[in-house]
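Chemist: This is a predicted model, with the sequence first.
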Number of protein chains: 2
Amino acid sequence: MSTQAAVALVDWGTSNLRVWLVDAAAGVLGDRHSPEGMGTLTSDRFAGVLEAHLAALGAGPDLPVVVAGMAGARAGWVEAPYAEAPAGLIDLYRKAVCAPGIGRDVRILPGVCQRSAGAEDVMRGEETQLLGAVAGGLCDALFCLPGTHSKWVSLEGGRISRFTTVMTGELFQLVSRQSILRLSIGEGRAAAGHPAFRQAVEEALSTDFSLTTRLFSIRAQALLSGADESSAASRLSGLLLGAEIAAMRSRLDESRRVQLIGSGALTELYAAALILAGAEPVSLDGGELVRSGLFAAAKALFPHRFAEFAP
Amino acid sequence: MSTQAAVALVDWGTSNLRVWLVDAAAGVLGDRHSPEGMGTLTSDRFAGVLEAHLAALGAGPDLPVVVAGMAGARAGWVEAPYAEAPAGLIDLYRKAVCAPGIGRDVRILPGVCQRSAGAEDVMRGEETQLLGAVAGGLCDALFCLPGTHSKWVSLEGGRISRFTTVMTGELFQLVSRQSILRLSIGEGRAAAGHPAFRQAVEEALSTDFSLTTRLFSIRAQALLSGADESSAASRLSGLLLGAEIAAMRSRLDESRRVQLIGSGALTELYAAALILAGAEPVSLDGGELVRSGLFAAAKALFPHRFAEFAP
């Protein structure tokens, strides 16, 4: 029985699509990865793209599917209106919407929104990773998810209680490539081990730091003392990451341990900056978490597919 | 005698060139305005461009010229190395360089640099406006010069004692037109009278404000409550200007009065934000100030042209 597909799990983001065929014990029977992200598709194309991947995986016509991510955005496949923070797994599957007009049971999970005045925020996709962490037993923790828009999320009692999106990654790209600072940064790359990175993080963590009044110092340092491109890139990265972490100070005071979801160069920079701030980053795999979160939702949405494993 | 040209004054910025022919009493005999800024010229073209404008003004071949601005940058006409803050008028004319190889006495004034670690900074052009203010009797004051890169400058005893460049204008352009926020800002324009502007300035002036963690709220507000484009643009502008003014708090504590150099919509936004911060903006004309500063430098550099007016 365990090699029979129970459900297909889909993480459908802006730039990528990931499909897993899993059995009732969460064992992966097959998977697909594609650049057919929500950003590349009009709403009428999602069903066809999904069916093609399911066919390639040998999924039968009655296999149910759970989808998380930007496919549920207004400009995606079918809008799945946000669940409101604090939100737990139960809020996600209760607010899941059905993809209409296809001969298959496809449920699209909602994102999560936060309506606090001035700190309004939204997420689509990350909530499923976080609920994967809950499924793994991590119910009270502070998470940092680096990316174009990084997210800081507090889980309390298994619910997403509070979160903040920070545009650090996008600001780094825009400022390093298009502002006056591009003249000093050129092709330079930020490095966690560069003294300019460490110094900039520490500067940003000091009291009365203000990001925008420090950015131009990168250009001035290059003009006055010939700072090279990797110093300039590392300083920009350190100022931006340091400002982000400084803004999370009160949350870090409550929890020194930070669950850092991701991999690669950007995550390394975050880990280094967090350590400089006295935090303890712990690395987690985002792909595994989203699969766990989707699987937990699938068990709640399609209990008959898992009946034989019920206690 | 007073209708005879004593000197030509030139403000040569990145995007514009301004030439004034003045008599020994600073009376303007003629002026030219052109888009032939330093950014559009290779170093071999400056002399020809200047001579063409002087010829159009009827200036003789022995008329001396004083130039301020980006023409003295490394990538300009002839590099005039920076004077170091604190800097007064005497530092500028002592460090003026001659434009070589043309049959005319042309002196290019240096910019001013600041070498404080982490707050390294440079200016080219603004120093001449500030020394124009000194020539007008304003020797101890706090100045704010809005622009693509705004400058905050403290004058003490007629010297530029300390200054900070803030990339607010450039960040507004990049973030509003190219980041994810462009989807919510569209063609919206920031307005000083918009409630979203006032609210954002006040938010930015509150304790523990952090700019980068608030930017994404602009997108979330549009998604969650349908905030329109002018609200979004006004909120972005208010957050950026508020963050800039908040960073200047200690200087504003010393001097509530702020000399605001400029005109137009951006300066109006600064004036409104300064008033919300409890400051008293006073408006000054940048063109008049740079002419006064250039004239003061000319009198020091070419005393023989002004001899008949000496006491």
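Modeler: Perfect, I can see it now.

Chemist: now the residue nearest in space to the middle of chain A, nearest residue through space, not along the chain?
Modeler: In chain A, the residue lying closest to the centroid (CA atoms, centre = their mean) is A:Glu126, at 4.3 Å. Excluding its sequence neighbours, the residue lying closest to A:Glu126 (CB to CB, 6 or more residues apart in numbering or on different chains) is A:Lys151, at 5.2 Å. Bear in mind the C-beta positions are built from the backbone N, C-alpha and C, glycine included.

Chemist: Now do the contacts for the one you found.
Modeler: Residues in contact with A:Lys151 (CB atoms under 8 Å, 6 or more residues apart in numbering or on different chains) are A:Met123, A:Glu126, A:Phe143, A:Cys144, A:Leu145, A:Phe163, A:Thr164, A:Thr165, A:Val166.

Chemist: What subset of the residues you listed is buried?
Modeler: The neighbour count (16 or more other CB atoms under 10 Å in any protein chain shown) marks A:Met123, A:Glu126, A:Phe143, A:Cys144, A:Leu145, A:Phe163, A:Thr164, A:Thr165, A:Val166 as buried among those.

Chemist: Pretty sure the third one sits in a strand.
Modeler: Read it as A:Phe143. Yes: looking at A:Phe143 with DSSP: H, G, I helix; E, B strand; the rest coil, it is inside a strand.

Chemist: so what's it up against?
Modeler: By CB under 8 Å, 6+ apart, the contact list for A:Phe143 reads A:Leu130, A:Ala133, A:Lys151, A:Trp152, A:Val153, A:Ser154, A:Leu155, A:Val258, A:Gln259, A:Leu260, A:Ile261.

Chemist: Apply 10 Å and report the result again.
Modeler: Each residue near A:Phe143 by CB atoms under 10 Å, 6 or more residues apart in numbering or on different chains is listed here: A:126, A:129-130, A:133, A:151-155, A:160, A:163, A:255, A:258-261, A:282, A:284, A:289.

Chemist: With the first one instead?
Modeler: Contact analysis of A:Met123 by CB under 10 Å, 6+ apart lists A:82, A:85, A:87, A:111-114, A:129-130, A:145, A:149, A:151, A:153, A:160, A:163, A:165, B:220.

Chemist: any idea where the strands of the stretch 51-200 of chain A begin and end?
Modeler: A:65-69, A:83-84, A:97-98, A:106-108, A:112-114, A:121-123, A:141-145, A:150-156, A:159-166 (DSSP state E, counting those that start in this stretch).

Chemist: Whether the first one contacts chain B - can you check?
Modeler: No: no part of strand A:65-69 sits near chain B under the criterion CB under 10 Å from any CB of the partner chain; the closest distance found is 15.5 Å.

Chemist: just the fourth one next, same as before
Modeler: No: Strand A:106-108 lies out of reach of chain B by CB under 10 Å from any CB, never closer than 16.9 Å.

Chemist: tell me what that strand is packed against?
Modeler: strand A:5-12, helix A:46-56, strand A:65-69, strand A:97-98, helix A:286-301 (3 or more CB pairs under 10 Å, 6 or more residues apart in numbering or on different chains; DSSP states H and E).

Chemist: what pLDDT, on average, does that strand get?
Modeler: Here strand A:106-108 scores 98 as its mean pLDDT.

Chemist: again with the last one
Modeler: Summarised as a single mean, pLDDT over strand A:159-166 is 97.

Chemist: ranges for the strands of the stretch 201-311 of chain A?
Modeler: A:257-261, A:280-284.

Chemist: Quick one: name the residues of the stretch 201-311 of chain A near chain B.
Modeler: Residues of the stretch 201-311 of chain A lying near chain B (CB under 10 Å from any CB): A:202-203, A:206, A:208-225, A:227, A:235, A:239-241, A:243-244, A:246-250.

Chemist: Among these, name the ones in helices.
Modeler: Among those, the members found in helices (DSSP state H) are A:202-203, A:211-214, A:216-225, A:235, A:239-241, A:243-244, A:246-247, A:249-250.

Chemist: What subset of those residues is buried?
Modeler: A:202-203, A:211-214, A:216-224, A:235, A:239-241, A:243-244, A:246-247.

Chemist: Just the pLDDT for the residue lying closest to A:Ala233 once chain neighbours are set aside.
Modeler: Distances taken as CB to CB, 6+ apart place A:Gly188 nearest to A:Ala233, at 3.6 Å, with adjacent residues excluded. Here, the pLDDT recorded for A:Gly188 equals 97.

Chemist: Then A:Ala307?
Modeler: Residue-level confidence at A:Ala307 comes out at 78, pLDDT.

Chemist: got the contact list for it?
Modeler: Going by CB under 10 Å, 6+ apart, A:Ala307 touches A:Ala24.

Chemist: quick one: it from A:Lys299, how far?
Modeler: Relative to A:Lys299, A:Ala307 is positioned 10 Å away (CB to CB, to the nearest Å).

Chemist: Overlap of the contact sets of the two?
Modeler: Joint contacts of A:Ala307 and A:Lys299 (CB under 10 Å, 6+ apart) are A:Ala24.

Chemist: now the strands of the stretch 201-311 of chain A as CSV including mean pLDDT?
Modeler: Listed next are those as CSV, based on pLDDT from 0 to 100:
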stretch, mean pLDDT
strand A:257-261, 97
strand A:280-284, 97
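
Chemist: Mean neighbour count, these: which tops it?
Modeler: Stretch with highest mean neighbour count among these: strand A:257-261 (a mean of 21; mean count of other CB atoms under 10 Å in any protein chain shown).

Chemist: Can you give the strand pairings for it, parallel or anti for each?
Modeler: Applying DSSP bridges to the sheet, strand A:257-261 is found paired with strand A:141-145 (parallel), strand A:280-284 (parallel).

Chemist: now what about that strand, what contacts it?
Modeler: For strand A:257-261, the surrounding residues in contact (CB under 10 Å, 6+ apart) are A:126, A:129-130, A:132-133, A:138, A:141-147, A:151-153, A:155, A:245, A:248, A:251-252, A:267-268, A:270-271, A:274-275, A:277, A:279-290.

Chemist: Contacts only, for A:Met38.
Modeler: A:12-17, A:46, A:69-73, A:75-77, A:124-125.

Chemist: how about low-confidence regions in the stretch 1-150 of chain A?
Modeler: Across the stretch 1-150 of chain A, residues meeting the criterion (pLDDT under 70) sit at A:1-2.
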